[in-house]
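**Q** This is a predicted model, with the sequence first.
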Amino acid sequence: MNNIILIGMPGCGKTTVGKLLATRLNRQFIDSDSVFQQTVHPNISEYFSSQGEDSFRCEETRILTQLVQKSDCIIATGGGIVECAENKDILQSGGMVVFIDRPTENIMEDIQTSTRPLLAQGKERLLSLYERRYQKYIDFSHIQIKNIGSLQEVTDKIINEVNNNNV
């Protein structure tokens, strides 16, 4: 497959870093949330409110299953992809899974919480999600990268780690 699959909290840099990786590695970039918006519902927050989290997670897993069949892509997942245990095998069979770990303080400085259904409640909710998901991100990933430097530094770290792990 040779995909690089990015996981982590909302606002950790999956989309931004993913686009940089795709450019640097000359690969296609795919954002699973964008695929959801194109194929299921144009507004994730509305869908979440009207259909519920369980329905959203089922659609998210269905989309993930399709995306990991592709080759040589950079795939950014939704922050809650680790909420479904079955996604672990799907992710790991689809490529090198990279957990982008960004401090919650940095996320809160620049994330638009109004467009993130699970973060609309603010910092307390972000911290609660981080605590609940952190170990899952580690368990689901092959590589963990701290997002504490520049975007260029984070991108370089991912490329170096992926190359060292023979993807």
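**A** Here it is on my side, so go on.

**Q** Downstream of the helix or strand of the chain with the lowest mean pLDDT, the next helix or strand is which one?
**A** Least confident helix or strand of the chain, by mean pLDDT, DSSP states H and E, is helix 104-110 with a mean of 79. Later in the chain than helix 104-110, the nearest helix or strand by DSSP states H and E is helix 123-140.

**Q** could you say what helices and strands whichever strand or helix holds Ser34 packs with?
**A** Ser34 is part of helix 32-39, with elements assigned from DSSP H and E. Counting by 3 or more CB pairs under 8 Å, 6 or more residues apart in numbering; DSSP states H and E, the packing neighbours recorded for helix 32-39 are helix 44-51, helix 53-67, strand 73-76. Every residue, glycine included, has its C-beta placed from N, CA and C.

**Q** rerun at 6 Å
**A** Identification of packing neighbours for helix 32-39 by 3 or more CB pairs under 6 Å, 6 or more residues apart in numbering; DSSP states H and E yields helix 53-67.

**Q** So for the helix it packs on, what gets flagged as buried?
**A** For helix 53-67, a neighbour-count test (16 or more other CB atoms under 10 Å) marks Phe56, Arg57, Glu59, Glu60, Thr61, Ile63, Leu64, Leu67 as buried.

**Q** can you give me the angle the top strand by length along the chain makes with helix 53-67?
**A** Secondary structure assigned by DSSP state E gives strand 95-101 as the longest strand of the chain. Here the directions of strand 95-101 and helix 53-67 differ by 130 degrees (axes from the mean of the first three to the mean of the last three CA atoms, to 10 degrees).

**Q** got any ranges where the protein has weak pLDDT?
**A** Confidence mapping of the chain against pLDDT under 70 gives the ranges 1, 111-122, 166-167.

**Q** make it 50
**A** 167 (pLDDT under 50).

**Q** Please tell me how far the residue of the chain most remote from its centre sits from Ile44.
**A** The outermost residue of the chain relative to its centre, with distances by CA atoms, centre = their mean, is Ser50 at 23.1 Å. Separation of Ser50 from Ile44 (CB to CB, to the nearest Å) stands at 11 Å.

**Q** same thing with Arg133?
**A** Counting by CB to CB, the gap from Arg133 to Ile44 is 18 Å.

**Q** quick one: contacts for Ile138?
**A** By CB atoms under 6 Å, 6 or more residues apart in numbering, no residues touch Ile138.

**Q** What values do phi and psi take at the residue nearest to Ile159 when sequence neighbours are not counted?
**A** Nearest residue to Ile159, sequence neighbours excluded (CB to CB, 6 or more residues apart in numbering): Arg24, at 6.7 Å. The phi and psi values for Arg24, taken as degrees, to the nearest 10, are phi -60, psi -40.
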